[in-house]
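Visitor: Here is a sequence together with a model predicted from it:
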Amino acid sequence: MPGIAGGISQGLRALIALTQFYVPHPLPPRAVISGITYDATGIPLGGCTVTVLDVTATPDVQVACVISEANGTYAVEVPDYAGKLFQVIAYLPGSPDVAGVTANTIIPSLT
């Protein structure tokens with residue numbers, strides 16, 4: 001039986017050696033544009049169509065379109081963001097319609 005114990009011992013050492021050298025590669029950072037849609041009185045406004053534009057392109061290119069949550073929050077992941085500026089437009093149809101736009105100098109946050 002010493003051969004079996006020795007074989008298990010060697011296999012265990014090999015497993016330990018493998019786990020010591022395994023280093024997972026971190027995921028690249030995500031670029032995100034997020035915010036809250038509000039009405040004119042400053043109350044969060046849900047259900048808005050939120051459009052994100054890449055304004056460094058000519059003409060502007062739509063990157064994403066999402067609907068803001070009931071509490072007004074939205075988040076959009078922006079691919080290929082390096083050196084680009086963005087603008088966000090929010091719109092909610094109704095009586096009256098509600099719309100808003102950010103400056104065209106938005107830079108995504110890296111998470």
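Guide: Done, it's in. Numbering: from 1, shown residues only.
Visitor: gap between the two ends of stretch 98-105?
Guide: 22 Å (CA to CA, to the nearest Å).
Visitor: residues in contact with that stretch?
Guide: Residues from elsewhere that reach stretch 98-105, judged by CB atoms under 8 Å, 6 or more residues apart in numbering: 35, 37-40, 45, 48, 53, 55, 85-92. For glycine as for every other residue, the C-beta is placed from the backbone atoms N, C-alpha and C.
Visitor: Next, V32: phi, psi?
Guide: Main-chain dihedrals, V32, degrees, to the nearest 10: phi -130, psi 140.
Visitor: now it: how far from G42?
Guide: To G42, V32 is 23 Å away according to CB to CB, to the nearest Å.
Visitor: Comparing those two, which residue is more hemmed in?
Guide: A count of neighbours by other CB atoms under 10 Å puts V32 above the other of V32 and G42, at 14 against 7.
Visitor: partners of the more buried one in the sheet?
Guide: E77, S109 (DSSP bridges).
Visitor: Show the contacting residues for it.
Guide: Contacts of V32 by CB under 8 Å, 6+ apart are 75-78, 108-111.
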